[in-house]
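Undergrad: Give me coordinates for this.
(2 chains)
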There are 2 protein chains.
Amino acid sequence: MKKNYLLSPGPTPVPERVLLAMAQPVIHHRTPQFSALFRVCLEKLKPIFGTKNDVIILSSSGTGAMEAAVCNCFSKGEKVLVVNSGKFGERWGQISESFGLNVVWMNIGWGNAADPGEIKKTLDADPDIKGVLMQATESSTTVKHPVKEIAAITKSRDVMLVVDGITGVGVFKIPMDDWGIDVMVGGSQKAFMMPPGLAFIALSKRAWEKADKAKNSRFYFDLKKEKKNLAKDTTSYTAPVSLVYGLSEALKMMEEESLPKLYERQARTAKAARAGCAALNLKPVTQSPSEAMTGVFLPSEIDGARFVKALRDSFGITFAGGQDQWKGKIIRIAQLGYIGDFDIVIAMSAIEMALDGFGVPVKFGSGVGAAQAVLRGGFEV
Amino acid sequence: MKKNYLLSPGPTPVPERVLLAMAQPVIHHRTPQFSALFRVCLEKLKPIFGTKNDVIILSSSGTGAMEAAVCNCFSKGEKVLVVNSGKFGERWGQISESFGLNVVWMNIGWGNAADPGEIKKTLDADPDIKGVLMQATESSTTVKHPVKEIAAITKSRDVMLVVDGITGVGVFKIPMDDWGIDVMVGGSQKAFMMPPGLAFIALSKRAWEKADKAKNSRFYFDLKKEKKNLAKDTTSYTAPVSLVYGLSEALKMMEEESLPKLYERQARTAKAARAGCAALNLKPVTQSPSEAMTGVFLPSEIDGARFVKALRDSFGITFAGGQDQWKGKIIRIAQLGYIGDFDIVIAMSAIEMALDGFGVPVKFGSGVGAAQAVLRGGFEV
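TA: Numbering: from 1, shown residues only, chains lettered A, B, ... in the order given. Now for the predicted structure:
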């Protein structure tokens, strides 16, 4: 018998309650029964996005909602600033260019967080820039960007702040309305403890006004049409009924834990993972780590792809390795979603044993112990 | 206790085996384990589409794959002929116009099937038309269109035949390669016995060549990118893992029954439903009915919306009513997917009792009996 553990930053593990909710018989999506279920989900998403506006549920991966942000809120030829510090920042730029936007790339290098001062300078110098597109967490580098500080700059100008919060919403506080974020995107397979297949997107009042005027090709991701249907508790096209069943259970669990507790747990487990890795002399990939996951460089003599593979196939634990330029060099330990304190104990313990297996001298328990010293604070006894 | 029955043409009922398959723990989508599962699905889809080419799996509703067909295979300004005989024909036109195509509308009226002769005449008269977009079954009217005859016209010309087979693939034989269909679209929540959330699309060799040259805005639905990733047994973006688990089980069930048996069952149950309705003097909505579902006009004194609602809320049986211009006038009884012979007995029996409830004189058992006389042929004893 080998027990398998999913400790990757997306998909994240799905609680049994959610899996069982999805196993309910399918109901028709144009019924009062489905509408009631859907409405509950719509309402419960709002506090997590920190908005009084609608949060739209799309049947797609998170990338679909990123496309929806671009093709609904901007027109061909419009100039936008893309904060590019990794694979997903790059994706904002690629989508924008696919839809004919004029992209100003702010390439700040992997591992770095955006500098609000630089963004202000760029916007001051070029008033044609009508949007800033960025991540809450750049998953490929584990970097948390200063969204609040950047929103403080964009909200007083004619510049829309579009945040990919796929790795962020539900992990830490990121209140759209309070901070002045114009568009925020989320995905089911992250903090929402769900399988992949649903994406979320919310727009501010001024983003909806801009969407009224924006001209770009769109049909499946037409947000104005979705908003109209959502007011009638339904979707434009056939709703992914089983996933919505799952979502309703997952949102109930998030409500039971409460947002403050949930943010606290993820911050604690992240701090514990960082402490554990430090005790093992694994160098962090960034000085601006997100609570969603912990990324560290592996010792240079280790082939990271083989290391992650050995952890999965021999120890039964799925971590994420590096992507693109960090392929084979780093390991990412997830803390978002249905990942508890003892999952961090498992993670550190497995990494210690795998390091030993790859010939790196390790004192067993040293990483685990350092993590425990932090996790301890989460228990009342 | 009330047992509920889903007899709508999409979503269709999902077998317990498929629901349980979806309840398996989520695995990461970039693993050999997922790739193996995905490859099995990809291979099993091919005979159902009747093609040796790739069938691409998208995370979206069927409409997403319709959009993919349009934005990958056609360029802005290109002229296409849209066969419009209902809500979904209309959708082809709307999507095409959203992407800047020049749409020639062939409006043939609700309930009518396309006339290959008329299509030939239109194509002869206007050689600028580079595509014909149509349905295999127009779900809103239950009409089956003569795809084979139309393919015989388009395949020898520079005209792409794009078929929405969402209600068709897996219901009856519709072999892409043999007939010369260029693009065919499917959806999980129909004959595939799955919840909504997956869409399928396959392209002929010449459709892929056209996709190489087509210029239109796309990113999430970029089929060339999907094809490249599919060759590596993976998807461009996070795959909807749980739905793919379900699909793999559903395809196994389809294989166990075998395609000929499955087509035979759906043809038999459709014939039985038509016979049952005829015995109840319910007038068919079309002379070209699909095997996927049976549509009949309700007696004019009945408010169809209330009738369908009563069947759902009082009898526990979800049928589909009419859409748009047929709202409140018709009822549609599904035969596609996980719907067996006795579901038709249930359907006829419920309709008889509901008619009685709405004051229409009915001889109980007359519709059921007429259906049984057809269903009987499906049993060996």
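Undergrad: Can you give the distance of stretch A:306-315 from its chain's centre?
TA: 25 Å (Cα atoms, centre = their mean, to the nearest Å).
Undergrad: likewise stretch A:325-332?
TA: Centre-to-centre, stretch A:325-332 and its host chain are 19 Å apart (Cα atoms, centre = their mean).
Undergrad: Touching that stretch from outside, list them.
TA: Outside stretch A:325-332, the residues within contact range by Cβ atoms under 8 Å, 6 or more residues apart in numbering or on different chains are A:8-9, A:110, A:140-142, A:282, A:285, A:293-298, A:303-305, A:307-308, A:319-322, A:351. Where you see a C-beta, it was placed from the backbone N, CA and C, and this is true even at glycine.
Undergrad: quick one: contacts for the residue nearest to residue A:14 when sequence neighbours are not counted?
TA: The spatially closest residue to residue A:14, leaving aside those adjacent along the chain, is residue B:26, at 4.8 Å (Cβ to Cβ, 6 or more residues apart in numbering or on different chains). When contacts are counted by Cβ under 8 Å, 6+ apart, residue B:26 touches A:6, A:11-14, A:189, A:195, B:241-242.
Undergrad: ok, which of the contacts of stretch A:325-332 also contact chain B?
TA: With respect to chain B, and counting by Cβ under 8 Å from any Cβ of the partner chain, the subset of the contacts of stretch A:325-332 in contact is A:8, A:320.
Undergrad: burial of residue A:28, as a residue count?
TA: 20 (other Cβ atoms under 10 Å in any protein chain shown).
Undergrad: Now which of the contacts of stretch A:325-332 would you call buried?
TA: Buried residues within those, defined by neighbour count using 16 or more other Cβ atoms under 10 Å in any protein chain shown: A:8-9, A:110, A:140-142, A:282, A:285, A:293-298, A:304, A:307-308, A:319-322, A:351.
Undergrad: Take the residues you listed and keep only those in strands.
TA: In this view, the buried ones among the contacts of stretch A:325-332 that belong to strands under DSSP state E are A:293-297.
Undergrad: Go through these and name the one nearest chain B.
TA: For these, the minimum distance to chain B (Cβ to the nearest Cβ) is 13.6 Å, reached by residue A:293.
Undergrad: State whether residue A:106 is indeed within a strand.
TA: Yes. The secondary structure assignment for residue A:106 places it in a strand, going by DSSP: H, G, I helix; E, B strand; the rest coil.
Undergrad: picking up where we left off before, any chance of the ones in strands among the buried ones among the contacts of stretch A:325-332 in CSV, with pLDDT too?
TA: Putting these into CSV (pLDDT from 0 to 100) gives the following:
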residue, pLDDT
A:293, 98
A:294, 98
A:295, 98
A:296, 98
A:297, 98
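Undergrad: In those residues, find the pair that's most separated.
TA: In terms of Cβ to Cβ, these reach their longest pairwise distance at A:293 and A:297, which sit 14.3 Å apart.
Undergrad: just to revisit the earlier point, from the contacts of residue B:26, which land in strands?
TA: Those of these mapping onto strands are residue A:6, per DSSP E.
Undergrad: Identify, from the contacts of residue B:26, the entry nearest to residue A:22.
TA: When these are compared for distance to residue A:22 (Cβ to Cβ), residue B:242 wins out at 6.6 Å.
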